[in-house]
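> need a 3D model of the following:
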Amino acid sequence: MKWQDESEPTPAHTIGELAAVHGLDAALDALAASRTARVCVVMPDALRVQIDAFLAAHTVEAGGLLLGRLHRVDPESAPIVAVERFVPGRVFEGTGVSLALGTALWDDARPFLDAGQVVVGWVHSHPGLGAFFSATDRHTQRAFFAQPWQLGVCIDPVRREQAWFFGPESESQGLHRPDSGRTA
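Down below sits the predicted model:
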């Protein structure tokens, strides 16, 4: 599958559709946050658990794609990125400090993209090194996840840290520990 630079998916989905998939509480929280945040992310706890389990199962860097839908309340509100699926990199080359995901990842994502989901970002691990974006991670974000609403997530499953970044400049949303509350 060839990578295509995607502008914002049109039309954006409604808050009602967000509530139908993620629940009313998540939709209301996202609605409130979209008035002040640059980007608001909704990701179900079950999906976070799935991602954490996949990354923790590998002693080397691992990762995958985040798929979902983009929602907007109105043109002035921040986009609400609803992460609905994690597509793990089944075929990859990882070391303690690098990751190369294979093309099979795009083949695995294709049915969901064909069904209307979009690539909202990517996630990868830094086992035991801390959650941060390296120069290579920033290059990857700029090259493949360049829309302001696309996210990059780095997780250190050993230290239990997460760092979230948005857009082509990998703007940091800070370092988070899952036990400390809301991530994004």
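> quick one: the strands in this protein, in order.
Counting by DSSP state E, the chain has strands at residues 40-42, 63-71, 80-88, 92-94, 99-101, 118-125, 151-156, 161-166, 171-176.
> could you export stretch 58-69 as CSV, CA atoms only?
The C-alpha coordinates for stretch 58-69 follow below in CSV (Å, rounded to 0.1, in the frame of the first residue of the first chain):
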residue,chain,number,x,y,z
HIS,A,58,8.6,-7.2,23.2
THR,A,59,12.0,-6.5,24.7
VAL,A,60,13.0,-4.5,21.6
GLU,A,61,11.2,-1.5,20.0
ALA,A,62,7.8,-2.4,18.6
GLY,A,63,4.9,-0.4,17.3
GLY,A,64,2.0,0.0,14.9
LEU,A,65,-0.6,2.3,13.4
LEU,A,66,-3.5,4.0,15.2
LEU,A,67,-6.7,4.2,13.1
GLY,A,68,-9.9,6.0,13.7
ARG,A,69,-12.0,9.0,12.8
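> show the pLDDT at Asp137.
Per-residue confidence (pLDDT) for Asp137: 91.
> surely it and Val153 touch.
No. Assessed by Cβ atoms under 8 Å, Asp137 is found out of contact with Val153, at 10.3 Å. Using the backbone N, CA and C atoms, a C-beta is placed for each residue, glycine as well.
> circling back to that earlier point, ok, which of the strands of the chain comes nearest Ala26?
Ala26 sits nearest to strand 40-42 of all these, at 5.0 Å, using Cβ to Cβ.
> the closest one pairs with which strands?
strand 80-88 (parallel) (DSSP bridges).
> lovely, talk soon.
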